[in-house]
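# just coords:
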């Protein structure tokens, strides 16, 4: 009985390790999250500015839109059996949004 329990534990550890390895901190997926978040924030900011929002309001709205896209994407991934909710993806989304804020703040006056 102990051998079966040990075998089950070993199989679970192998599959858990594969799931962890699939979602590393660095990879092409993370780069996509970073740049898409910066892009979404830039487009949102520009659209809000074109609609007449002030700099501060447009920046706040763009951050909200970017966060909603990131969280929405991860919730969508969670519902798909081939994907999973990833805090690492959200972290890269936040980094991309932060980079977008810095760029927008320094290039648009």
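That came in fine, so what should we check first? Predicted, not measured: the structure shown is a model, and the values here were computed from it.
# tell me what the longest helix along the chain is packed against?
When the chain is parsed with DSSP state H, its longest helix is helix 55-79. Using 3 or more Cβ pairs under 8 Å, 6 or more residues apart in numbering; DSSP states H and E, the elements in contact with helix 55-79 are helix 28-50, helix 87-107. Placement of C-beta: from N, CA and C, glycine included.
# would TSV of these with distance to residue 70, mean neighbour count and mean pLDDT be doable?
Below are the helices and strands packed on helix 55-79 laid out as TSV (distance: least, Cβ to Cβ, whole Å; neighbours: other Cβ atoms under 10 Å; pLDDT from 0 to 100):
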stretch	distance to residue 70	mean neighbour count	mean pLDDT
helix 28-50	6	18	95
helix 87-107	4	17	94
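# Same list (those) but as TSV, adding distance to residue 68.
Shown next, in TSV, are the helices and strands packed on helix 55-79 (distance: least, Cβ to Cβ, whole Å):
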stretch	distance to residue 68
helix 28-50	9
helix 87-107	11
